[in-house]
Each structure stands twice: as structure tokens, then as C-alpha cells.
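Engineer: Task: produce atomic coordinates for the following.
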Amino acid sequence: MARKFLYVFAFMIVLVIAGLTVLRLFPKELSQFYFVPTVEYVEQELMAETAYAPVDMWFSRPEISENNQVLWTPEGYEAAKDPKVHTFYVHPTSYLAADNWNAPLDDKESQDRARIFLRSQASVFNGISHIWAPRYRQAAIGAFMTDKPEAGKALDAAYKDVDTAFAEFLRDIPEDAPIILGGHSQGALHLTYLLQNRIAGKPVADRIVAAYIVGWPISVVNDLPAMGMAGCEAPDQTGCILSWQSFAEPAETDLILSAYDSTTGFDGQSRAGQPALCVNPVSGVVNDETTKEENIGTLVPNEKLTDGEIVAGEVPARCDERGFLKIGDPPELGNYVLPGNNYHVYDYPLFWANIRADAERRVAAFLGEDSTGDDSE
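Structural biologist: Numbering: from 1, shown residues only. Predicted coordinates for the structure are as follows:
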């Protein structure tokens with residue numbers, strides 16, 4: 001399932017990064033040639049139970065202040081000083097090399113790229129929570145472009161790292177602390193399994209404020225029951241899941257739908273024809289539609305992706321019948337829009353201030369507190 005779906009995103013990301021005409025003519029063949037590892041798969045040694053006890057196994061945790069990108073905020077916002085909530089955030093694929101099936105933890109390029117993702121994504125939660133973001137031996141982007149058995153092994157190894165990190169996270173935070181789950185793309189995929197295997201039906205499920213599983217399709221019929229949570233139906237509901245996949249219009253979603261419809265859900269049944277979960281990040285309501293005036297803030301990055309500003313009232317949002325989030329005319333956010341008006345890379349920045357306000361509302365509801373839903377100055 002994972003390889004079939006992420007292949008679509010993987011070769012589109014390759015198109016954007018490479019910018020090669022010939023790659024557009026033969027995307028599958030050349031993407032596989034350049035990005036699918038040809039080396040023998042090296043079995044990843046299972047992490048020890050205490051492997052994530054050292055601080056340096058994390059991009060972010062409460063003790064880390066130096067080079068902690070999730071603490072970044074745009075002008076007008078600030079990180080909370082002593083929040084009661086803890087967020088577990090899993091970053092998306094940042095390893096684009098083909099010399100390993102799993103990213104080495106000492107690969108500087110992929111680690112730096114992961115920090116960029118964390119700055120624009122996980123930073124939405126720093127206003128109301130401590131953020132824990134583990135380093136993990138992610139599957140290489142080429143693992144999503146092939147049906148080789150090595151690809152499945154790479155994904156399994158990456159998930160096991162995330163699972164081990166989550167166990168350490170639970171040991172290190174207060175035993176009654178509320179939890180937010182967050183992730184994007186490959187990170188979101190791992191969270192779907194974490195919910196299914198480690199949270200659904202267990203006491204920790206009662207501590208989940210919300211799960212932001214973004215940039216990954218979740219079948220309402222085939223997947224949600226096994227994950228133990230419903231999609232969010234109200235803006236202050238807790239213990240629910242938010243998920244969306246952003247496309248400007250005209251949206252070309254045929255490749256995504258073809259891949260999605262060919263997969264099997266957590267219930268063992270085909271996902272063909274089934275809607276994916278779409279929770280509008282502006283309103284926090286499933287299958288909702290909002291105007292651009294209701295969007296309180298899109299994060300527009302600078303050219304070097306080192307900073308950005310919040311711009312309100314620019315991007316509308318509506319969930320369509322198959323679960324895609326349509327955002328109207330293409331907004332100008334940078335050079336990483338994927339073919340077909342696919343704004344996958346910008347799923348979080350498009351609604352940065354809205355997601356922050358959403359999390360704040362749900363935390364307030366969980367704790368029984370009042371919330372304005374806006375911490376801007």
C-alpha cells in the first residue's frame with residue numbers, strides 16, 4: 001500500500017527537484033534509475049529499548065534549545081513557556097540519495113532538510129506544547145518507486161524506529177500529560193501504524209488531544225476503525241484525527257486516485273471508490289468548506305526557506321467528494337509545487353495559523369479551559 005501511493009509523490013518531487021525534460025518524458029524509468037537503491041539491503045539492527053534516551057537522538061525535545069527549528073515562530077507569534085501538552089511529531093521523507101535503503105542518522109544533508117520541514121510544519125504546535133521530534137532511519141525516497149522486497153523492509157525498519165521513539169516519549173513525559181500526534185507524508189504513514197498498533201484500545205488513547213495525520217490518505221471506511229479514532233466533526237472535539245491533501249485548481253488527482261484505489265485498507269478490503277478523510281484545517285470540521293477570508297494565516301516562506309511571514313485571507317479550502325482539499329487558484333508559495341497543482345509540500349504552511357489555533361482550541365477543550373484560538377500579538 002505505502003509504496004504504491006508514495007510512488008506518485010516521490011516521482012513528482014523528483015520532477016520538481018531535478019527539473020529535467022527527459023525525466024518528464026520517462027518519469028518512472030528514470031526516477032527508478034536515479035533514485036531506487038541498487039545496493040544490497042542492509043538489515044537495520046533493531047534499536048535498543050533505551051536508544052532514544054539520549055537527547056541527541058531527537059531533533060526536538062524540551063531540553064534542546066540550540067538549532068531546534070520547531071521553536072521558530074513567524075513575527076507576531078511566540079512559543080509557549082511552560083505548556084502542559086506534549087507533541088510527538090514525525091517528519092516526512094528527507095533522504096533523496098540512492099546509496100542506502102534507509103537513511104543513516106549521520107547523513108547531514110537529509111538531517112538538515114528534515115529540520116527545514118520541522119520549521120515549517122511542527123512549529124505550529126510550539127505555542128501550546130512541548131515538541132518531541134525523533135531522528136529515525138527513514139526509508140529513502142527510492143523505496144517508494146519500486147516493488148522490490150527491500151523497499152518494504154526499509155519502511156518496516158523506519159516504523160520500528162518511530163515505535164521505539166514513541167515508547168521513550170511516553171516514559172519521559174508525565175504519565176497523565178495530554179498528547180498531540182503530528183506528522184506529514186512518510187511521517188504520517190508511520191503514525192497510522194502507531195495509532196493502530198500502540199494506541200487504539202489502550203489507556204494512552206484517552207490522552208490524545210488530536211492526531212494531525214497530514215499528506216497521507218486515510219480511508220474513512222477501511223482505515224479509521226482500526227486506528228481507533230474518528231475524523232474531527234467539530235472544531236473543539238478531542239481524541240479525533242485531522243487529515244488533508246492540498247490541491248489548487250484545476251486539480252489533477254487521477255494519479256493519486258489510481259494509486260489509492262489499487263490499495264488495501266487496514267480491514268483487508270479494497271479502498272477502491274472509498275473517500276479519504278478530509279478535515280478542513282481552517283474550520284477543523286470534516287468535509288467542510290471555508291472562504292479565503294476565514295483563513296487566518298498562510299505561512300509564505302522566503303526564497304532561502306529560512307524565514308517566512310503570515311498572510312491572512314489568501315487561501316480558501318473545501319473538501320471534495322473523494323477527500324481532496326481544494327484550495328482555489330494556485331497561491332504563490334515557492335518552487336516546490338508538484339505537477340497537477342499538488343501542494344503536498346505546503347500542506348502545513350498553507351494553514352499554519354489555522355492549525356495552531358485549531359490545536360489551541362482542542363487543548364483548551366481537553367483541559368477544560370477557555371481559549372481565544374489566536375496567540376498572535
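Engineer: Give me the mean pLDDT for stretch 137-153.
Structural biologist: Mean pLDDT, stretch 137-153: 85.
Engineer: V300 should be in a helix, yeah?
Structural biologist: No - with DSSP: H, G, I helix; E, B strand; the rest coil as the criterion, V300 is assigned strand and is not in a helix.
Engineer: ok, it touching G308?
Structural biologist: Yes - counting by CB atoms under 8 Å, G308 is a contact partner of V300 at 5.6 Å. For glycine as for every other residue, the C-beta is placed from the backbone atoms N, C-alpha and C.
Engineer: Find residues that contact each of the two.
Structural biologist: P349 (CB atoms under 8 Å, 6 or more residues apart in numbering).
Engineer: contacting residues for the nearest residue to N67 once chain neighbours are set aside?
Structural biologist: Of all residues beyond its chain neighbours, the one nearest N67 is R115 (7.3 Å), with distances taken as CB to CB, 6 or more residues apart in numbering. By CB under 8 Å, 6+ apart, the contact set of R115 is F59, N67, Q69.
Engineer: Next one, pLDDT for the first one please.
Structural biologist: The model reports F59 with a pLDDT of 98.
Engineer: Confirm it sits in a strand?
Structural biologist: Yes - looking at F59 with three-state DSSP, it is inside a strand.
Engineer: burial of Q245, as a residue count?
Structural biologist: Neighbour count of Q245, defined by other CB atoms under 10 Å: 27.
Engineer: is it true that G231 touches V221?
Structural biologist: No - in this structure G231 lies outside contact range of V221 using CB under 8 Å: 11.6 Å.
Engineer: Can I get the helix or strand hosting the residue nearest to N67 in CSV, CA atoms only?
Structural biologist: Using DSSP states H and E, R115 falls within helix 108-120. Below are the C-alpha coordinates for helix 108-120, written out as CSV (Å, rounded to 0.1, in the frame of the first residue of the first chain):
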residue,chain,number,x,y,z
LYS,A,108,24.0,15.7,7.1
GLU,A,109,22.0,16.6,4.0
SER,A,110,18.9,14.7,4.9
GLN,A,111,19.1,15.8,8.6
ASP,A,112,19.3,19.5,7.5
ARG,A,113,16.4,19.0,5.1
ALA,A,114,14.4,17.4,7.9
ARG,A,115,15.0,20.5,10.1
ILE,A,116,13.6,22.7,7.3
PHE,A,117,10.4,20.6,7.2
LEU,A,118,10.2,20.8,11.0
ARG,A,119,10.5,24.6,11.0
SER,A,120,7.5,25.0,8.6
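Engineer: Next, the angle from the following helix or strand past it to helix 108-120.
Structural biologist: Following helix 108-120 in sequence order, the next helix or strand is strand 129-134 (DSSP H and E). Interaxial angle of strand 129-134 relative to helix 108-120 (axes from the mean of the first three to the mean of the last three CA atoms, to 10 degrees): 160 degrees.
Engineer: on contacts alone, who are the packing partners of strand 129-134?
Structural biologist: In terms of contact count using 3 or more CB pairs under 8 Å, 6 or more residues apart in numbering; DSSP states H and E, strand 129-134 is assigned the packing partners strand 58-60, strand 85-90, helix 149-172.
Engineer: right, so of these, which gets closest to Y136?
Structural biologist: Judged by CB to CB, the one of the helices and strands packed on strand 129-134 that comes nearest to Y136 is helix 149-172, at 3.8 Å.
Engineer: Distance from the chain centre to that closest one, please.
Structural biologist: Distance of helix 149-172 from its chain centroid, counting by CA atoms, centre = their mean, to the nearest Å, is 16 Å.
Engineer: List the strands paired with the helix or strand that that helix is followed by, with their directions.
Structural biologist: Moving toward the C-terminus from helix 149-172, the next helix or strand (DSSP H and E) is strand 179-184. Strand 179-184 sits in its sheet next to strand 85-90 (parallel), strand 208-214 (parallel), going by DSSP bridges.
Engineer: by how many degrees do strand 179-184 and helix 149-172 diverge?
Structural biologist: 150 degrees.
Engineer: what does the average pLDDT come to for strand 179-184?
Structural biologist: Computed over strand 179-184, the average pLDDT equals 98.
Engineer: Using PDB, write out every CA atom in the next helix or strand after it.
Structural biologist: Once the chain leaves strand 179-184, the next helix or strand it forms, by DSSP H and E, is helix 186-194. Below are the C-alpha coordinates for helix 186-194, written out as PDB (Å, rounded to 0.1, in the frame of the first residue of the first chain):
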ATOM      1  CA  GLN A 186       6.100   9.300   5.300                       C
ATOM      2  CA  GLY A 187       5.800  10.600   8.900                       C
ATOM      3  CA  ALA A 188       2.100  10.500   8.700                       C
ATOM      4  CA  LEU A 189       2.200   6.900   7.300                       C
ATOM      5  CA  HIS A 190       4.100   5.800  10.400                       C
ATOM      6  CA  LEU A 191       1.600   7.500  12.700                       C
ATOM      7  CA  THR A 192      -1.300   5.500  11.100                       C
ATOM      8  CA  TYR A 193       0.500   2.300  12.200                       C
ATOM      9  CA  LEU A 194       1.400   3.700  15.600                       C
END
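Engineer: What lies in contact with helix 186-194?
Structural biologist: With CB under 8 Å, 6+ apart, helix 186-194 has contacts from 2, 6, 89-93, 138-139, 155, 158-159, 162-163, 166, 181-183, 211, 213-216, 218, 223, 227, 243, 266.
Engineer: pLDDT averaged over the helix holding R115 - what is it?
Structural biologist: 94.
Engineer: Cool, thanks, signing off.
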